[in-house]
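Asker: Following is a predicted model, sequence given first.
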Amino acid sequence: MSKIKVENLTKVFGKKPNRALSLLSENKSKAEILEKTGLTVGVNKASFEVQDGEIFVIMGLSGSGKSTLVRLLNRLIEPTQGSVYLNGNDLATVDQKTLRNIRRKDMSMVFQKFGLFPFRSILSNVEYGLEIQGVEKKQRTEKAMESLKLVGLVGYEDKYPDELSGGMQQRVGLARAFANDSDVLLMDEAFSALDPLIRKDMQDELLDLQETMKKTIIFITHDLDEALRIGDRITIMKDGKIVQIGTPEDILTNPADDYVEKFVEDVDRSKVYTASNVMMRPETVQPEREGPRVALQRMRENGISSIFAVKRNRELIGIVDASDVRKLVDEKQDDLTSAIKRDALKVVEMDTPVHDVIELTAETSYPIAVLEDGKLRGIIIRSSILAALSGKEVNLDD
Amino acid sequence: MTEAIPRIPLDEWTRSVVDWMTNADFIFDSIEQVISWVLQGLYWGMDLIPALLFIAILTAVTYFFAGRKIGLSAFVFFGLLLIVNLGFWDDMITMLSLILSATILSIVIGVPIGIWMAKSSTVEAIVKPILDFMQTMPAFVYLIPAVAFFGIGMEPGVIASVIFGMPPTIRLTNLGIREVSTEAIEAADAFGSTGAQKLFKVQLPMAKTTIMAGVNQTIMLSLSMVVIASMIGADGLGDIVYTAVGRNDVGSGFEAGLAIVVVAIILDRLTAGFGLRKRKS
């Protein structure tokens, strides 16, 4: 079920914004409209749906309208046109009181520079959302402490924001958002103000928390690596317009236009691609019904020096070397089993990042086996990794 | 060339406006009544406490609430003892009640105006030039309508002090609230605060230091009005200075002037200390 549905959402900054709307429907560009009317188009007819429990990343460079877009969702900025449906209600048209209730119960926000209240203790910052709802002291303290525990800040509740590091302050921001128990989390460049190492920790932590909390997260960032790391789906914006929406792989492999392509050029693909993207069809032999001669023949046909041994149901048994098989043939043995080696073999799962697979290739001279539920699905050799990282030859059939 | 244009009768107009306004007696009477209550209440309260106890309390307050500075606390203690010694205690209390009344009224009127200015740029555009006018007009001029509306005595003195002293409180309240970071405001909104919750739980607390700087300025300006106010019959230390000027008595003029300086320093440091006071942790 889609949790949030955005339709034709538009924001024009300036006086009498309606003047720009007709120009927008004629597909005039942001620059043309600025020249003709002096109005700035913040967001241009954005439409998308966010699924329940999804991390939906909106990314773009500064000035692309991404921060405006997220503020249109909870109406920190009033939309000029369009609808935002949350659980089927159109937020763009509800009255102030309903809007306030939605902000209190259904949507929380985390800010780039944290947006903490400097004169309040950490605990009382986290309590803020509950305090303004009139939740009584004891109950809200309990809830706030629970949230602080989630982000690992127990023991800091009596400190003040300026006594904490940037990373810790943003944990407070997260805890404050969690304390309200809202399903939807809007995160506006939440980790952009942190230094790179802390940022990575926070990303991991967010993913960990998301495992259990299953919130619907709309995450704004200008950092493509961050987007690829945490996003289930990514939206790329340019000049207030959505250019492409897709999974990280879609974005990398099928850029919608030159703009996106330029964007993704420098990405470290090894962190995005998984074993399933770079694996090849394996040659196998089934020792249960095939002997050394068949194995040797198959290796010769394919020009390979080793072959994977599997059961009838493709469950991986091990690997056999051509030299060992030849010995068995010379000794006129019919059973392949004694030649099967398992120890030297490295195996990975379908969703192991290529980044991790590369490290394994250095440890073994055999191809790496890709398994799914113990069954052999493919093999990876170094050249197929290199082909994939250069941006070519990727399997997209999964 | 200049004779071609007849002189604009600004003085006539002002007179007739002020004359017309004196018809609204009942308004000024009730204002005067309120000021008089505040004044007498403060005086009564402060006069009730014996001088030495008052000094002890103020010294303790200075020590505990303005940064635990020994030197400043000692200054408060000995400075006030000097005033007692010179025989100015009662005059000092009278002056203090005038200053504090003016300050309280300035805060009660000025802070809401400042908040309103911060909320609306139109209001800001209208109020700002009025404030400039209020501050640059020579303070003596306020005495004339003050006397016209309120007669002579302490009350018109308070009015003149409020008009002259209130602008910094208004300005700095406006500034303080406008300076609150956008993210803090957005956070308050994003969590569903009502307008009042945002104001009292976020904006005013975050603007507190700036507003206190304005109040400090207001107190200092009211203090500078005490001698001027004595020209229309306000009692207190200012009156002693004014009389000394009339008699060319440099000795008692210096004594009373020194006492005012002592009070000024104490008030300044105390309010500055409150403004910067570290939150309790």
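Answerer: Great, that's in hand.
Asker: Now find how far off-centre the helix or strand hosting B:Asp47 is within its chain.
Answerer: Here B:Asp47 is covered by helix B:25-48, with elements defined by DSSP states H and E. A distance of 15 Å separates the centroid of the chain from that of helix B:25-48, by Cα atoms, centre = their mean, to the nearest Å.
Asker: Quick one: mean pLDDT for whichever helix or strand comes after it?
Answerer: Note on helix B:25-48: by DSSP H and E, the next helix or strand toward the C-terminus is helix B:51-65. Across helix B:51-65, pLDDT averages out at 91.
Asker: One more: stretch A:278-293?
Answerer: What stretch A:278-293 shows for mean pLDDT is 86.
Asker: So which bits of it are buried?
Answerer: By neighbour count on 16 or more other Cβ atoms under 10 Å in any protein chain shown, the buried set for stretch A:278-293 is A:278-279, A:282-287, A:291-292. In short, each C-beta sits where N, CA and C put it, glycine included.
Asker: now swap in stretch A:215-232 and tell me
Answerer: A:215-221, A:223-232.
Asker: A:Val354 and A:Met279: what is the separation?
Answerer: Using Cβ to Cβ, to the nearest Å, A:Val354 is found at 10 Å from A:Met279.
Asker: just to revisit the earlier point, only the C-alpha atoms, please, for the helix holding B:Asp47, written as CSV.
Answerer: The C-alpha trace of helix B:25-48 is given here as CSV (Å, rounded to 0.1, in the frame of the first residue of the first chain):
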residue,chain,number,x,y,z
ASP,B,25,-9.4,63.2,30.9
PHE,B,26,-10.9,59.9,32.0
ILE,B,27,-8.3,58.0,30.0
PHE,B,28,-5.4,59.9,31.5
ASP,B,29,-6.9,59.7,34.9
SER,B,30,-7.1,56.0,34.8
ILE,B,31,-3.5,55.7,33.4
GLU,B,32,-2.3,58.0,36.2
GLN,B,33,-4.2,55.8,38.7
VAL,B,34,-2.4,52.6,37.4
ILE,B,35,1.0,54.3,37.5
SER,B,36,0.3,55.6,40.9
TRP,B,37,-0.5,52.1,42.2
VAL,B,38,2.6,50.7,40.8
LEU,B,39,4.7,53.5,42.2
GLN,B,40,3.2,53.4,45.6
GLY,B,41,3.2,49.6,45.8
LEU,B,42,6.9,49.5,44.9
TYR,B,43,7.8,52.3,47.3
TRP,B,44,5.7,50.7,50.1
GLY,B,45,7.3,47.3,49.6
MET,B,46,10.9,48.6,49.5
ASP,B,47,10.3,51.1,52.4
LEU,B,48,9.0,48.2,54.5
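Asker: for that helix, packing partners?
Answerer: The helices and strands touching helix B:25-48, judged by 3 or more Cβ pairs under 8 Å, 6 or more residues apart in numbering or on different chains; DSSP states H and E, are helix B:89-119, helix B:143-150, helix B:154-165.
Asker: Which ones among the buried residues of stretch A:215-232 also lie next to chain B?
Answerer: Among the buried residues of stretch A:215-232, not one lies near chain B by Cβ under 8 Å from any Cβ of the partner chain.
Asker: Now, these that are in strands?
Answerer: A:216-221 (DSSP state E).
Asker: Reformat those residues as a markdown table; add distance to A:Ala193 and pLDDT.
Answerer: Putting these into a markdown table (distance: Cβ to Cβ, whole Å; pLDDT from 0 to 100) gives the following:
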| residue | distance to A:Ala193 | pLDDT |
| --- | --- | --- |
| A:Thr216 | 24 | 93 |
| A:Ile217 | 18 | 94 |
| A:Ile218 | 18 | 95 |
| A:Phe219 | 14 | 95 |
| A:Ile220 | 13 | 94 |
| A:Thr221 | 12 | 93 |
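Asker: So which of the helices and strands packed on helix B:25-48 is nearest chain A?
Answerer: Set against chain A and scored by Cβ to the nearest Cβ, the helices and strands packed on helix B:25-48 come closest in helix B:89-119, at 15.9 Å.
Asker: and that closest one, does that touch chain A?
Answerer: No. Using Cβ under 8 Å from any Cβ, helix B:89-119 stays clear of chain A, with a minimum separation of 15.9 Å.
Asker: okay, the angle between that helix and helix B:51-65?
Answerer: 30 degrees (axes from the mean of the first three to the mean of the last three Cα atoms, to 10 degrees).
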